[in-house]
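> Predicted model follows, preceded by the sequence.
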Amino acid sequence: MKICVLVKEVPDAAVQKRIDPNTMRMDRSGEKNLNPFDTHAIEAAMQIKEGGAIPVEEVVAVTMGPETAFRALHKAVALGADRSVHLSDAALSGSDVCATGYSLAKVLEAESPDLVLLGQQSDDGECYTIGAVVADHLQMPSLTQVIKIDVTDGKLRCERQAEYGYDTVEVELPAVISVGDAINEPRYPSLKAIMGAKKKPLDNKATADVGIDAGMVGESGSKTAVLALNPPPPKEAGEIIEDEDTNETVEKIVAWLDERKLI
Amino acid sequence: MAGILVYALHDDEGNFNKNSLGAISEAAKLAGEIGGEAAAVVVGDIADDACASLGNYGAAKVYRAKAVPEGLAQPIIDVMAKVINENDFGYALFGGGLLGFEIGAGLTARLNAGVTMEVTKVKVDGGKLIVERPILQDSQIADVGYVSKPGIIIGRLNAFDVKESGGTAEVVDVEVELSAWSSKAKLVQRGEQRGADVNIEDADILVGGGRGLGAAEGFELC
């Protein structure tokens, strides 16, 4: 079995994220890191590999991003991936969710994985959608926000919390699964693994290498356009409720919360 | 057609999700402004009356795929893609939630369509829809438009208010051949309630613990 884990380089949590008003894209200068949600996907891959219920030949970390994104791949292999693939091409710059999902699917197609794992969201884009986009392109069954994976009889038995409670779903392989951050506690990489990460194979791919139609990616191939950026509406002044009659006060608080759809 | 198609999530017994009803109300309002109709998709063997009741929230038509199960996204992507293509809908709108995100994302790939998510407001400009999408931990609001049809809009939970307008929807049954990969995930159990038998109000002593305790055993008193 071959597992591919999709990872992303994102601005470090300590960096004040901003959009470049000229390009309407994320300003990616400053310190960057491996998307923290992806570490759960890598850990899930390692647990399947170490669990022994199904033999796993290799775990491959895959990313799409600018040149610097190789650092996210180094972190992914330090956490246990055997090798990594970096899709990078100027033509991809400015891709929206539709174009990004298509591009990642093309790289994955070239790898023919039995299982694709990814985190529930990226820390910068917060789109929650790439897994399902990739799955439809790959024509594989898919599930997101999975909090438990068991491998039995060559299939996955997954659990997740949905609108009406907990769902248990049996998924045939090959499949695309995005994991919630409650699925596991990611391990810390050992010093030896960090030092050895640079020695593990890293394949660089351009769009033409994986058969990406250049007309379907980048800003011109995207199906959405950011038209304007505005500050959020200013916070309203707080409301002070004097507690003269507690029952009445409770009613007022409940009504206030209800009005704002908070309960 | 500038119509807007909404996915109406339900609990298998014809009780529709509040966020889906809100999305139908929003779609009806927006469709009125851009010169189209709002319609809903319902999967599963849901009674005519229950489907027609979506007209009370503004749906002119309900497309029902009786043979398609509720609860997993990919069969519903098959249904919505077919209904959108055959009826030339301009937009698909979701009231958020897990399935809304999954179906919206799948439709993006299937129809090569633009998608926006966590949308808090939808505006009309020149007969087209522009969405407001909070970004960067809600520190900015991006106005996003679609450059082609259809546009997929996934709302944030509770973004759209439920509005009852009166009326009954026409129910149209649709037959859909599912994609091969849509039947490769099967719901073993849907909506299991966990922890419902534990009522903390009955406890004499409540102990709270963080992740540092590691596991349930970490709560054992020394």
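That came through, no problem.
> drop to CA atoms for contacts and neighbour counts, all remaining ones
Fine.
> Which helix or strand contains residue B:83?
Assigning secondary structure by DSSP states H and E places residue B:83 in helix B:73-87.
> Phi, psi for residue 207 please.
All of this refers to chain A. When read as degrees, to the nearest 10, the backbone of residue A:207 gives phi -60, psi -40.
> that answer is for a different chain, and I need it for chain B
phi -120, psi 120.
> neighbours of it, just the number please.
Using other CA atoms under 10 Å in any protein chain shown, residue B:207 has 6 other residues around it.
> contacting residues for residue B:118?
Neighbour list for residue B:118: A:127, B:96, B:133, B:134, B:154, B:155, B:156, B:157 [criterion: CA atoms under 8 Å, 6 or more residues apart in numbering or on different chains].
> Recalculate using a threshold of 6 Å.
Remark: with contacts taken as CA atoms under 6 Å, 6 or more residues apart in numbering or on different chains, residue B:118 is in contact with B:155, B:156.
> isn't there a strand covering it?
Yes: under DSSP: H, G, I helix; E, B strand; the rest coil, residue B:118 falls within a strand.
> Tell me the pLDDT of it.
What the model reports for residue B:118 is a pLDDT of 96.
> Check the offset of the helix holding residue B:83 from the chain's centre.
Offset of helix B:73-87 from its chain centre (CA atoms, centre = their mean, to the nearest Å): 13 Å.
> Residues in contact with it: which ones?
Contacts of helix B:73-87 with the rest of the structure, by CA under 6 Å, 6+ apart, involve B:99, B:102, B:103, B:107, B:182.
> In it, which residues have enough neighbours to count as buried?
By neighbour count on 16 or more other CA atoms under 10 Å in any protein chain shown, the buried set for helix B:73-87 is B:73, B:74, B:75, B:76, B:77, B:78, B:79, B:80, B:81, B:82, B:83, B:84.
> ok, now stretch B:42-49?
Within stretch B:42-49, the residues scored as buried using 16+ other CA under 10 Å are B:42, B:43, B:44, B:45, B:46.
> Get me the contact residues on chain B for chain A.
Within chain B, the positions lying close to chain A (CA under 6 Å from any CA of the partner chain) are B:102, B:105-106, B:109, B:114, B:140-147, B:181, B:184-193.
> Pick out whichever of the buried residues of helix B:73-87 sits closest to chain A.
residue B:74 (7.4 Å; CA to the nearest CA).
> Next one: that closest one relative to residue A:199, how far apart?
40 Å (CA to CA, to the nearest Å).
> same question, residue B:105
For residue B:105, the distance to residue A:199 - CA to CA - is 36 Å.
> For these two, work out which one has more neighbours and name it.
residue B:105 (34 against 12).
> Name the SS class of that one, please.
Three-state call for residue B:105 (three-state DSSP): helix.
> So for it, what's the pLDDT?
97.
> Now do the contacts for it.
Under the criterion of CA under 6 Å, 6+ apart, the neighbours of residue B:105 are A:129, A:132, A:133.
> And residue B:132, by the same measure?
By CA under 6 Å, 6+ apart, the neighbours of residue B:132 are B:119, B:120, B:121, B:142, B:143.
> Just give me how far stretch B:41-53 sits from the chain centre.
Its chain's C-alpha centre and that of stretch B:41-53 lie 15 Å apart, by CA atoms, centre = their mean.
> Other residues contacting that stretch?
So stretch B:41-53 is in contact with B:7-8, B:14, B:62-70, B:168-169, going by CA under 6 Å, 6+ apart.
> picking up where we left off before, okay, the contacts of helix B:73-87 in CSV with neighbour count next?
Output for the contacts of helix B:73-87, formatted as CSV (neighbours: other CA atoms under 10 Å in any protein chain shown):
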residue, neighbour count
B:99, 23
B:102, 27
B:103, 26
B:107, 29
B:182, 20
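> Throw the residues you listed into TSV and include distance to residue A:148, thanks.
Listed next are the contacts of helix B:73-87 as TSV, based on distance: CA to CA, whole Å:
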residue	distance to residue A:148
B:99	18
B:102	18
B:103	21
B:107	26
B:182	21
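> Chain B: strands as residue ranges?
B:4-7, B:38-43, B:61-65, B:91-94, B:114-119, B:121-125, B:128-135, B:140-146, B:151-155, B:170-173, B:185-192 (DSSP state E).
> For my notes, please list these in JSON lines and give distance to residue A:159 for each entry.
Rendered in JSON lines, the data for the strands of chain B read as follows (distance: least, CA to CA, whole Å):
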{"stretch": "strand B:4-7", "distance to residue A:159": "23"}
{"stretch": "strand B:38-43", "distance to residue A:159": "22"}
{"stretch": "strand B:61-65", "distance to residue A:159": "26"}
{"stretch": "strand B:91-94", "distance to residue A:159": "23"}
{"stretch": "strand B:114-119", "distance to residue A:159": "24"}
{"stretch": "strand B:121-125", "distance to residue A:159": "32"}
{"stretch": "strand B:128-135", "distance to residue A:159": "29"}
{"stretch": "strand B:140-146", "distance to residue A:159": "34"}
{"stretch": "strand B:151-155", "distance to residue A:159": "23"}
{"stretch": "strand B:170-173", "distance to residue A:159": "32"}
{"stretch": "strand B:185-192", "distance to residue A:159": "9"}
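> With that, I have no additional questions.
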